[in-house]
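Q: Here is my input; please provide its structure:
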Amino acid sequence: MEEGPVELDFFALEKKEPIPMASRSSVRGLQAAISRMNPNILRSVIASASIPSSPPASESPAGTARLTIFYNGTVAVFDVPHDKAEMIIRMAGEGNAAGVLEDGDLPHARRISLRRFLEKRKERLTAAVPYASKLGAQSLDHLTY
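A: Below is the predicted model:
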């Protein structure tokens with residue numbers, strides 16, 4: 001199971017044909033979908049011992065392409081047919097929407113951050129007008145809530 005040497009053209013000395021625009025957009029879509037995947041599902045797929053992470057190129061069927069997933073410092077390579085890749089993308093999109101709705105921490109953190117920002121803004125406004133009357137300082141309360 002010895003593989004041949006791999007040559008990488010770091011300085012782009014060899015001329016390559018440009019990648020078609022349709023292929024580039026599908027790669028971007030795939031990358032975006034992978035970034036939206038549910039981390040628990042992705043970890044279980046990556047950690048799965050039953051799927052080889054990088055099979056030799058001679059074993060991959062003609063209708064498949066290599067799918068590389070970079071996640072949390074881990075690189076996983078799979079040979080996946082086009083329809084399966086689309087299914088993975090669809091699952092990733094659905095998994096992200098459900099996870100964000102169930103987890104209410106993000107809106108709570110935003111509220112706390114917004115409250116802190118508004119309090120600091122009020123302090124800056126009162127510091128800019130140090131001799132404001134009591135009535136003027138109370139009129140700034142609407143800025144914090």
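Q: From here on, just use CA atoms for contacts and neighbour counts.
A: OK.
Q: Which parts of the chain are helices?
A: 21-35, 39-47, 82-102, 105-128, 134-138 (DSSP state H).
Q: Just give me the lowest mean pLDDT stretch among these.
A: Ranked by mean pLDDT, the helices of the chain end with helix 134-138 at the bottom, a mean of 55.
Q: Isn't Asp79 up against Gly63?
A: No - counting by C-alpha atoms under 8 Å, Asp79 sits too far from Gly63 to count as a contact (9.5 Å).
Q: Show me which of the two is the more surrounded one.
A: Asp79 (22 against 9; other C-alpha atoms under 10 Å).
Q: gap between the more buried one and His108?
A: Distance of Asp79 to His108, given as C-alpha to C-alpha, to the nearest Å: 41 Å.
Q: again with Thr64
A: The spacing between Thr64 and His108, counted by C-alpha to C-alpha, is 44 Å.
Q: buried sites along stretch 65-80?
A: 66-69, 77-80 (16 or more other C-alpha atoms under 10 Å).
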